[in-house]
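Chemist: Coordinates only, no sequence provided:
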């Protein structure tokens, strides 16, 4: 169990990083402060780098002996991912999830922090500074949004299921084919925004499910625990929970309840039997 003192320290660190490194640059970025990594939709800004540096120092100080796996650090040195399979506690950080929205000056971005040990996520923090939302989940102790308990609930009987899906630019041909099956009667798919905020929407009962085709731990670790602790679930194509260290059968889903998850997985895997 994550102690209350540690959780409060993480919340302070996340809020301080956002206040000092992210929000002063929101809607104020100069062109030279934005660059591409792997493609036109994979952006990084000076705010991403500075916020991750800030969080790396503050979080590891809170828990001596811990390590940090962050999006920007892994981009510079992929070997840092090995910490996810090690014995030390590890902080998993996305300093700005939704960088495209941040660059456009829109509020749909957040900072994601998760604490994991030996492959299990113990706690997570999702902070959307432009919206004033802070969601905290602790394994076995539930999930809260601005102090109020979160309950994902279940979709209304007979209603179309709303599903946030991967952007086509981040999918293989096989994944595109699987995701295309969601365009079916009774399903209302749409392109996703910030993964962290989509997971928060599932945990709040405002979105029925996600269907994602990539497995970067910093995008998923915090939100998947949030969904779990709000009463939801998640599963990969082979029917097992998503693993933060990788090796997942993709796409995978997170959903408000087990029935919804099974319905989404059934559609994603519908063509497998036909192709055997």
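Modeler: Looks like it came in fine. Just so we're clear, the structure is a prediction, and the values are computed from it rather than from any experiment. Residues are numbered from 1 along each chain as shown.
Chemist: For residue 51, what is the enclosing helix or strand?
Modeler: For residue 51, the host element (DSSP states H and E) is helix 46-62.
Chemist: Each with direction, which strands does the helix or strand that comes right after that helix pair with?
Modeler: In the C-terminal direction, the helix or strand that comes right after helix 46-62 (DSSP H and E) is strand 67-70. Next to strand 67-70 in the sheet, as set by DSSP bridges, lie strand 90-97 (parallel).
Chemist: how near is the residue nearest to residue 215 when sequence neighbours are not counted to residue 162?
Modeler: Excluding the flanking residues, the one nearest residue 215 by C-beta to C-beta, 6 or more residues apart in numbering is residue 248, at 5.1 Å. Where you see a C-beta, it was placed from the backbone N, CA and C, and this is true even at glycine. Applying C-beta to C-beta, to the nearest Å, the value for residue 248 to residue 162 is 23 Å.
Chemist: These two: who's more crowded?
Modeler: Each of residue 248 and residue 162 had its neighbours counted (other C-beta atoms under 10 Å), and the higher figure belongs to residue 248 (20 against 17).
Chemist: That one and residue 241 touch, don't they?
Modeler: No. Here residue 248 does not reach residue 241: they are 9.2 Å apart, not a contact under C-beta atoms under 8 Å.
Chemist: Need phi/psi at residue 235.
Modeler: Residue 235 has phi and psi values of phi -160, psi 150 when expressed as degrees, to the nearest 10.
Chemist: what's near enough to touch it?
Modeler: For residue 235, the contacting residues are 241, 242, 252, 253, 261, 265, by C-beta atoms under 8 Å, 6 or more residues apart in numbering.
Chemist: what about the helix holding residue 51, average pLDDT?
Modeler: The predicted model gives helix 46-62 an average pLDDT of 97.
Chemist: For that helix, name the packing helices and strands.
Modeler: Applying 3 or more C-beta pairs under 8 Å, 6 or more residues apart in numbering; DSSP states H and E, we find helix 46-62 packed against helix 4-17, strand 67-70, helix 71-76, strand 90-97, strand 110-117.
Chemist: for the last one, packing partners?
Modeler: Judged by 3+ C-beta pairs under 8 Å, 6+ apart, the packing partners of strand 110-117 are helix 4-17, helix 46-62, strand 90-97, strand 120-128, helix 195-204, helix 217-229.
Chemist: Adjacent strands (with direction) for the fourth one?
Modeler: When sheet partners are counted by DSSP bridges, strand 120-128 sits next to strand 110-117 (antiparallel), strand 133-138 (antiparallel).
Chemist: Return the set of buried residues in the helix or strand that comes right after the shortest one.
Modeler: What that stands for is strand 133-138. Moving toward the C-terminus from strand 133-138, the next helix or strand (DSSP H and E) is strand 142-145. In terms of neighbour count (16 or more other C-beta atoms under 10 Å), strand 142-145 has its buried residues at 143, 144, 145.
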